[in-house]
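# I need the structure of the sequence given here:
(chains A and B)
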2 protein chains.
Amino acid sequence: MSDIIFRLATRADLPSIVRMLADDELGSQRERHQDPLPDSYMKAFEQIDNDTNHELVVAELNGEVIGTLQLMFLPSISFQGGLRAQVESVRVDTKYRDQGIGSKLMQWTIDRAKARGAHVVQLTTHKSREEAHRFYERLGFKESHLGMKLNLK
Amino acid sequence: MSDIIFRLATRADLPSIVRMLADDELGSQRERHQDPLPDSYMKAFEQIDNDTNHELVVAELNGEVIGTLQLMFLPSISFQGGLRAQVESVRVDTKYRDQGIGSKLMQWTIDRAKARGAHVVQLTTHKSREEAHRFYERLGFKESHLGMKLNLK
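Got it, this is the predicted structure:
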């Protein structure tokens, strides 16, 4: 496990990322892991890749992409104009679960947010993901908010 | 109330916006509503103003700024590369509460997110803000997630 590296994703990583997003009870209902991938994934990748406030991150082990998350830096008036970091779409390949990879990926991300000067890392997790809640609590996250969504489509 | 307008904020609106953010049980502990405002607010305003994915919105009535929120458009790989809209820092001037201004402000914002093609509007509210939860439920938001934060400072 010492060979694990964390880095920004390239376009070539996108199929592995979508595979992990789709390999999940909630994700399987909303993703389309096909070859070739639907264009909409490519377009979103381009937007993220061209915006310095958005980073698509992967964990790589022996040349294989086995984890991912999306990191956003959000300028904000509140907290005296404080920069927020936000994490979305965290996944570790099911074959590599329970080996501490998610923790290392999150710790790398938290350090990156600190280096950028963010005052907080925020995320939401679906109420049904109880293991995820405990995972984030072990990393020091506090459950202070409710996450509410309004679907538009 | 028919004269209320919703628009993007200008730099001149910033003192009114910070006043509303500070006039709040949680906000009073973290904002500095001074004249002149601390530079950090100005810097955050510039970042938001220069980024087409970020919008600082105000409600104006008879020339007075009486409501605000921040709207963000977040590119995302998940949901087939779907665009998310996120709302933060929603406030209505205490003098103008319970007159439907917050609802109109949010409805304007939801329509704006729809027009941009977002598939969801997401937000978090502090667990202690029970009135806010009911307010967002009336607008159609579902409480599906937990919001977790890790303070870095």
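
# does the longest helix along chain A come close to chain B?
Across chain A, the longest stretch assigned as helix under DSSP state H is helix A:101-116. Yes: counting by CB under 8 Å from any CB of the partner chain, chain B has neighbours in helix A:101-116: A:110, A:113, A:114. Using the backbone N, CA and C atoms, a C-beta is placed for each residue, glycine as well.

# just stretch A:145-153 next, same as before
Yes: judged by CB under 8 Å from any CB, stretch A:145-153 and chain B are in contact via A:145, A:146, A:147, A:148, A:149, A:150, A:151, A:152, A:153.

# make a PyMOL selection of the buried ones in those.
This is how PyMOL selects the buried members of the residues of stretch A:145-153 next to chain B, with burial counted by 16 or more other CB atoms under 10 Å in any protein chain shown:
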select buried, chain A and resi 145+146+147+148+149+150+152
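
# just flag the most distant two among the residues of stretch A:145-153 next to chain B.
Maximum pairwise distance among these (CB to CB): 24.4 Å, between A:145 and A:153.

# tell me where chain A has helices.
A:14-22, A:39-49, A:78-81, A:101-116, A:130-138.

# tell me which residues of the fourth one are tucked away?
Applying a neighbour-count criterion of 16+ other CB under 10 Å, the buried positions in helix A:101-116 are A:101, A:102, A:104, A:105, A:106, A:108, A:109, A:110, A:112, A:113.

# what bridges to residue A:125?
residue B:146 (DSSP bridges).

# which of the residues of helix A:101-116 next to chain B sits closest to chain B?
Top of the list for closeness to chain B, among the residues of helix A:101-116 next to chain B and by CB to the nearest CB, is residue A:114 at 5.3 Å.

# if we can go back for a sec, quick one: the longest helix of chain A to helix A:130-138, angle?
Using axes from the mean of the first three to the mean of the last three CA atoms, to 10 degrees, the inter-axis angle of helix A:101-116 relative to helix A:130-138 is 40 degrees.

# starting at the chain centroid, how far to helix A:101-116?
11 Å (CA atoms, centre = their mean, to the nearest Å).

# so what does that helix touch, helix or strand wise?
Counting contacts by 3 or more CB pairs under 8 Å, 6 or more residues apart in numbering or on different chains; DSSP states H and E, helix A:101-116 is packed against strand A:5-8, strand A:54-61, strand A:64-74, strand A:84-92, strand A:120-126, helix A:130-138.

# can you put the helices of chain A in CSV and add mean pLDDT?
Shown next, in CSV, are these (pLDDT from 0 to 100):
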stretch, mean pLDDT
helix A:14-22, 97
helix A:39-49, 97
helix A:78-81, 96
helix A:101-116, 98
helix A:130-138, 96
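
# kindly reformat the ones you listed as JSON lines containing distance to residue B:10.
Below are the helices of chain A laid out as JSON lines (distance: least, CB to CB, whole Å):
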{"stretch": "helix A:14-22", "distance to residue B:10": "39"}
{"stretch": "helix A:39-49", "distance to residue B:10": "27"}
{"stretch": "helix A:78-81", "distance to residue B:10": "16"}
{"stretch": "helix A:101-116", "distance to residue B:10": "27"}
{"stretch": "helix A:130-138", "distance to residue B:10": "38"}
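
# the ones you listed: which one's closest to residue A:61?
helix A:101-116 (7.8 Å).
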